[in-house]
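1. Got a predicted structure here, sequence first:
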Amino acid sequence: GQQLNQSPQSMFIQEGEDVSMNCTSSSIFNTWLWYKQEPGEGPVLLIALYKAGELTSNGRLTAQFGITRKDSFLNISASIPSDVGIYFCAGHTGNQFYFGTGTSLTVIP
Amino acid sequence: DAGVIQSPRHEVTEMGQEVTLRCKPISGHNSLFWYRQTMMRGLELLIYFNNNVPIDDSGMPEDRFSAKMPNASFSTLKIQPSEPRDSAVYFCASNGNTGELFFGEGSRLTVL
């Protein structure tokens, strides 16, 4: 199935730094989703975006639905150690969901 | 509110044995998805159901894999016979036509 281009693949940052990751696709999506997955757990939905250009925040997380509907980004401000995990983007169209390959985030205290 | 519930969380079995994974979607959700996650391939869609009807099973690896959804609150994924290359984490997820997909905690399968 289709996979989205997600970058970067991994990030090592100092606690307190801001983080930015993005996803691109050759297809248009109706919804963009961002998930966080911790070891041994399932992906947890962080943010859902429904409209092109939409900017949505959830605490220190901010995500945007690209104006072309083919991309999205996620920012994490002032990172803390518990932000560690793998972040996935997903695009939704029809009744299908397509996933990025994930960004592994390591926060160094 | 209860999320997607999967069982078992962990299963270790020997090659050739039958494996049955179970899923209870979020109440009121009408679409259910089975995914497999491995380091090499990431998240792969195996099959999804809409209103208990299988819509797309093109991701099911081979005839050894089968899935059923006898009612709106229960689905199974069966592997018979299991092989070591089936070792992975299997996720069930459900969607209620809101564009949001919710995952269970997964079933980690190890086939020896």
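-> Happy to help now that I have it. Numbers count the residues shown, from 1 in each chain, chains lettered A, B, ... in the order given.

2. where in chain A is pLDDT low?
-> Chain A contains residues with pLDDT under 70 at A:1-2.

3. Can you list the strands that the strand ranked longest in it pairs with?
-> Counting residues, the longest strand found in chain A (DSSP state E) is strand A:85-93. Sheet pairing of strand A:85-93 (DSSP bridges) gives strand A:31-37 (antiparallel), strand A:96-99 (antiparallel), strand A:103-108 (antiparallel).

4. ok now it, how far from the chain's centre?
-> Computed by Cα atoms, centre = their mean, to the nearest Å, the chain-centroid distance of strand A:85-93 equals 5 Å.

5. I'd say residue A:95 and residue B:49 touch.
-> No: using Cβ atoms under 8 Å, residue A:95 makes no contact with residue B:49, being 10.1 Å away. Backbone N, C-alpha and C define where each C-beta goes, glycine included.

6. Export the strands paired with strand A:85-93 as JSON lines, with columns for distance to residue A:9.
-> Below are the strands paired with strand A:85-93 laid out as JSON lines (distance: least, Cβ to Cβ, whole Å):
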{"stretch": "strand A:31-37", "distance to residue A:9": "15"}
{"stretch": "strand A:96-99", "distance to residue A:9": "14"}
{"stretch": "strand A:103-108", "distance to residue A:9": "7"}
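
7. Next to chain A in this structure, residues from chain B, please.
-> When proximity is defined as Cβ under 8 Å from any Cβ of the partner chain, chain B approaches chain A at B:4, B:31, B:33, B:42-45, B:48, B:50, B:55-56, B:59, B:91, B:95, B:98-106, B:108.

8. which among those residues end up buried?
-> For the residues of chain B next to chain A, a burial check counting by 16 or more other Cβ atoms under 10 Å in any protein chain shown picks out B:4, B:31, B:33, B:42-45, B:48, B:50, B:56, B:59, B:91, B:95, B:99-106, B:108.

9. Looking at the residues you listed, which are in strands?
-> When those are checked against strands (DSSP E), the matches are B:31, B:33, B:42-45, B:48, B:50, B:56, B:91, B:95, B:101-103, B:108.

10. and which of the residues you listed is nearest to residue A:38?
-> Here the nearest of those to residue A:38, counting by Cβ to Cβ, is residue B:103; it sits at 12.1 Å.

11. Just give the closest residue to that closest one, not the sequence neighbours.
-> In this structure, residue B:103 finds its nearest non-sequential neighbour in residue A:42, 3.9 Å apart by Cβ to Cβ, 6 or more residues apart in numbering or on different chains.

12. swap in residue A:21?
-> Nearest in space to residue A:21, with sequence neighbours left out and distances taken as Cβ to Cβ, 6+ apart, is residue A:103 at 4.5 Å.

13. Who are the contact partners of the one you found?
-> Taking Cβ atoms under 8 Å, 6 or more residues apart in numbering or on different chains as the contact definition, residue A:103 lies against A:6, A:7, A:8, A:9, A:10, A:11, A:21, A:86, A:87, A:88.

14. Contact residues of chain A facing chain B?
-> A:1, A:3, A:30-31, A:33, A:35, A:40-45, A:48, A:50, A:88, A:90, A:92, A:95-97, A:99, A:101-102.

15. Filter those residues down to just the buried residues.
-> When these are checked for burial by 16+ other Cβ under 10 Å, the buried set is A:31, A:33, A:35, A:42-43, A:45, A:48, A:88, A:90, A:92, A:97, A:99, A:101-102.
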